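>>> turn this into a model:
(one chain, ligands or ions: 3)
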Amino acid sequence: MARASRRATVDSILASAERACATAGVRLTAKRRALLATLLQQSQAMSAYELAEQYRQDHGESIPTMSVYRMLDFLAEQNLVHKLGAINKYIACAHISCSHRHETPQFLICDDCHSVSEVEVEAETLDTLGQGVEATGFHLRSRQLELHGLCDHCYKRAAS
Ligand SMILES: [Zn+2]
Ligand SMILES: [Zn+2]
Ligand SMILES: [Zn+2]
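Residues are numbered from 1 along each chain as shown. Ligands and ions are numbered 1, 2, ... in the order given. Predicted coordinates:
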């Protein structure tokens, strides 16, 4: 599993997001861009309600939660944000500035500090898992994994 670096600054990530949208032939409007910027500044996943509230604090402007959902859907389609279905929250993609193809994202969720890491799981591992699941007669709609546990920081704090 490789952890993506978050060294790139928010501005350069937003510039990459704009390029990705231009390449895809879609428009990263000022509001979508601002919402993505809000999410990029968080280390925790956020719900649409939390994002609407943060956006209001940052920009002094309220946007209806329905609009936040629509913008998040757009950003998720472009792989700029990911939805964590199990907790119904969103996180900015850790690979926006990367040039490699975006694989199905996998997530490590800390149940203590609620930080979320996007990790890459090898395609073969997912294939094996997928085949095992399909063999039970279950039909997978998504190969996204959301694994719960403790991040290293929280684990060490709990142990000390
Ligand atoms: Zn991603
Ligand atoms: Zn990457
Ligand atoms: Zn933690």
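
>>> contact partners for the residue of the chain found nearest ligand 1?
Minimum separation of the chain from ligand 1 (CB to the ion) falls at residue 93, amounting to 3.2 Å. All C-beta spots, glycine's among them, are computed from the backbone N, C-alpha and C. Neighbouring residues of residue 93 by CB atoms under 8 Å, 6 or more residues apart in numbering: 79-82, 102, 105, 118.

>>> now it: how far from ligand 2?
Distance of residue 93 to ligand 2, computed by CB to the ion, to the nearest Å: 9 Å.

>>> what's the answer for residue 47, then?
Taken as CB to the ion, the span from residue 47 to ligand 2 is 25 Å.

>>> follow-up on the earlier one: from the contacts of residue 93, which is closest to residue 20?
Nearest to residue 20, judged by CB to CB, of the contacts of residue 93 is residue 80 at 7.2 Å.

>>> so that closest one sits against residue 18, correct?
No - between residue 80 and residue 18 there is no contact under CB atoms under 8 Å: 10.1 Å.

>>> compare these two (neighbour count), which wins?
Just comparing residue 80 and residue 18: by other CB atoms under 10 Å the higher neighbour count belongs to residue 80, 27 against 14.

>>> residues in contact with that one?
By CB under 8 Å, 6+ apart, the neighbours of residue 80 are 17, 20-21, 36, 92-93, 96.

>>> same thing but 6 Å
By CB atoms under 6 Å, 6 or more residues apart in numbering, the contact set of residue 80 is 17, 36, 93, 96.
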